[in-house]
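Peer 1: here you go, sequence then predicted model.
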Amino acid sequence: EPEVTQTPSHQVTQMGQEVILRCVPISNHLYFYWYRQILGQKVEFLVSFYNNEISEKSEIFDDQFSVERPDGSNFTLKIRSTKLEDSAMYFCASSDEGQLSYEQYFGPGTRLTVT
Amino acid sequence: AQKVTQAQTEISVVEKEDVTLDCVYETRDTTYYLFWYKQPPSGELVFLIRRNSFDEQNEISGRYSWNFQKSTSSFNFTITASQVVDSAVYFCALKTGFQKLVFGTGTRLLVSP
């Protein structure tokens, strides 16, 4: 069964450093999302991406964040200058909105630790 | 604006007890989708069920059942004969059209032997 994959599973970085989180969505999906979950809290939407551009973003997704689909398979989230409060689990998701199901398939997540 | 409320922060039960997790949602859209996800200690999000706003039929899948009531804007989840492996955080979520998923704050379920 097709699945969303994410790398790395765990990333440790120092405050102020840039990080890139990588995702490979399901191959025939057209919509891509990033969510984050601070430890012990709810899952929060960051950004959605369709047709090579951002379709929606949350207040969390400020100028420090960017997303890119550099090729036909990867979908990346870049944090330019990490802060302590960026420590969280980051989930990538994809969906094929052409189907009535509207279901988003989640990757296993990348745990980002900023020290 | 969309909102999902899971008032139960944590529930503790003993194995074989039935347990119901509550979910109340708010939306002005007439077409929407409701979801339940399970997050075990390993951290991944496991899809459990999706329900469309125009389908109020309750659903049963093994020990799991869902009660969708538009009149009270609720989409409750019941686990029958709970097992230790059911211990996890359960999230209810709402989606309208091509939009983002809006999650509730989650309910932590602890099932003890």
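Peer 2: Yep, that arrived.
Peer 1: from here on, contacts and neighbour counts on C-alpha atoms
Peer 2: Noted.
Peer 1: for B:Ile89, give me its contacts.
Peer 2: That one is not Ile; residue B:89 is Val. B:38-40, B:106-109 (C-alpha atoms under 8 Å, 6 or more residues apart in numbering or on different chains).
Peer 1: next: A:Phe32.
Peer 2: With contacts defined as C-alpha under 8 Å, 6+ apart, A:Phe32 is in contact with A:25, A:48-50, A:75, A:92-95.
Peer 1: out of those, which touch chain B?
Peer 2: For chain B, the contacts drawn from these by C-alpha under 8 Å from any C-alpha of the partner chain are A:Ser48.
Peer 1: just give me the closest of the contacts of A:Phe32 to A:Ser81.
Peer 2: In terms of C-alpha to C-alpha, no member of these lies closer to A:Ser81 than A:Phe75, at 19.3 Å.
Peer 1: let's have the contacts of B:Val89 in TSV, adding distance to chain A, neighbour count and secondary structure.
Peer 2: Shown next, in TSV, are the contacts of B:Val89 (distance: C-alpha to the nearest C-alpha, whole Å; neighbours: other C-alpha atoms under 10 Å in any protein chain shown; DSSP: H, G, I helix; E, B strand; the rest coil):
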residue	distance to chain A	neighbour count	secondary structure
B:Lys38	12	22	strand
B:Gln39	10	18	strand
B:Pro40	11	17	coil
B:Gly106	6	30	coil
B:Thr107	10	22	strand
B:Arg108	10	21	strand
B:Leu109	13	22	strand
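Peer 1: now those as a markdown table including pLDDT?
Peer 2: Formatted as a markdown table, the contacts of B:Val89 follow (pLDDT from 0 to 100):
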| residue | pLDDT |
| --- | --- |
| B:Lys38 | 96 |
| B:Gln39 | 95 |
| B:Pro40 | 93 |
| B:Gly106 | 97 |
| B:Thr107 | 97 |
| B:Arg108 | 97 |
| B:Leu109 | 98 |
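Peer 1: closest to B:Ser82 among these?
Peer 2: For those, the closest approach to B:Ser82 (C-alpha to C-alpha) belongs to B:Leu109, at 10.0 Å.
Peer 1: near chain A, which residues of chain B are found?
Peer 2: Close to chain A, as judged by C-alpha under 8 Å from any C-alpha, chain B has residues B:33, B:43-47, B:50, B:97-106.
Peer 1: now the residues you listed: which count as buried?
Peer 2: B:33, B:44-47, B:50, B:100-106 (16 or more other C-alpha atoms under 10 Å in any protein chain shown).
Peer 1: from those residues, which land in helices?
Peer 2: Taking DSSP state H, every one of those sits outside helices.
Peer 1: pick out the most distant pair among those.
Peer 2: The widest separation within those (C-alpha to C-alpha) is 21.1 Å, between B:Tyr33 and B:Glu44.
Peer 1: return the set of buried residues in the lowest-mean-pLDDT helix or strand in chain B.
Peer 2: Using mean pLDDT, DSSP states H and E, strand B:59-61 stands out as the lowest-scoring helix or strand of chain B, at a mean of 85. By 16+ other C-alpha under 10 Å, strand B:59-61 has no buried positions at all.
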